[in-house]
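Colleague: Just need the structure, nothing else, for what follows:
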Amino acid sequence: MKASVNTIYGPPEVLQIKEVEKPIPKDNEVLIKIYATTVNRTDCGFRKPEYLIVRLISGLFKPRKTILGTELAGEIEAIGSKVTNFKIGDQVFGLSTFHFGTHAEYVCIEENKSIAIKPSNVSYQEAAPICEGAWYALTNFRKVNLKKGDRILINGATGAIGSAAVQLAKYFGAEITAVCNTKNMELIKSLGADVVIDYTKEDFTQRNEQYDFVFDAVGKSSFFKCKKFLKPKGTYFSTELGYLSQNIFLALVTPIIGRKRVTFPIPKDTKEIVVFFKELVEQGHFRAVIDKVYQLDEIVEATKYVETGQKTGNVVINLVHQS
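Modeller: Now for the predicted structure:
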């Protein structure tokens, strides 16, 4: 099978399309023919690690996992002898977080991991980018118990995580202020934001507003910049570790010594989360925003585009010429 392989850390050019051995499912695994996947910040962060913790997970000097990719949509081609929840021909979608392997034509995943039947009202290309950004957002929202009436500011509302966060916050009934660029203001309003701030014209940290929560979905701000407009007992959370990994330290210290807090939950994907997203999509409460679609042999170009930081929503990799 064809796969995008990187045997060393480095720039996007370390990704090479190669023929590799097609996996064989174990007794408790399903073999999925991948029709669509994504390139996201997780892939980029593990291809060229900036944090020591990533190298401790992935390999100090070279990657243990040589095929990246965390999201997928496709069809089950074979099942292990003990598989009971899926059958050959099932259309599925989900996550292969930290196990990676979806930048390939096939992947094997345990049946009890983070995969589920694909939402019936979307194509493979539309299903592939549903989970990862929404998973990061949901992890934080569940940690702080986001609920109806809470005021939340979401910085970086146009990325995969940010665009998902706006929709999920809307679903939970929060009052949303979203920060984005000029061209995406109408999109973010359509996703559910009550107030949209154009960061090219206004510094959101200078506003005289008070919020229960600030979610930095791009990691370009900090607790110290946002602290002044958090309500007493308000919480800041970010998708990035922050300068000198400060968000982990602050998450340990601020609940003890401060009224305003930082939280940094460690995300753990589950089948329950994927099923929840499937239901939201089928009920019309959520859709994955897609910016561009590339073919597998264009993965270097796709990765370079993701790393510009200018994408709107998700970048999808198409592996077959069908929807």
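
Colleague: residues of the least confident helix or strand in the chain by mean pLDDT that come out buried?
Modeller: Using mean pLDDT, DSSP states H and E, helix 52-58 stands out as the lowest-scoring helix or strand of the chain, at a mean of 88. For helix 52-58, a neighbour-count test (16 or more other CB atoms under 10 Å) marks 54-55, 58 as buried. Any C-beta I mention is one placed from the backbone N, CA and C, and that applies to glycine too.

Colleague: Give the pairing partners of the following helix or strand past that helix; include direction for each.
Modeller: Downstream of helix 52-58, the first helix or strand assigned by DSSP states H and E is strand 71-79. Its sheet considered, strand 71-79 pairs with strand 29-39 (antiparallel), strand 91-95 (antiparallel) by DSSP bridges.

Colleague: out of these, which comes closest to Gln295?
Modeller: Nearest to Gln295, of all these, is strand 29-39, at 10.7 Å by CB to CB.

Colleague: what about that closest one, average pLDDT?
Modeller: Averaged over strand 29-39, pLDDT sits at 98.

Colleague: do the same with stretch 216-236
Modeller: The model assigns stretch 216-236 a mean pLDDT of 94.

Colleague: Show residues contacting that stretch.
Modeller: Here stretch 216-236 makes contact (CB atoms under 8 Å, 6 or more residues apart in numbering) with 137, 144, 151, 153-157, 159, 161-162, 165, 205, 207-214, 237-243, 246-247, 250, 254, 259-263, 309.

Colleague: Stretch 101-110 now?
Modeller: So stretch 101-110 is contacted by 1-4, 20, 22-26, 28-34, 37, 39, 43, 65, 67-72, 77, 94, 96, 99, 115, 296, 299, 317, 319 (CB under 8 Å, 6+ apart).

Colleague: same thing with stretch 170-183?
Modeller: Residues contacting stretch 170-183 (CB under 8 Å, 6+ apart): 141, 146-158, 162, 166, 169, 187-188, 191-201, 204, 209, 211, 280, 285-286.

Colleague: Just list whatever residues bridge to Tyr106.
Modeller: Note on Tyr106: beta-bridge partners by DSSP bridges are Lys33.
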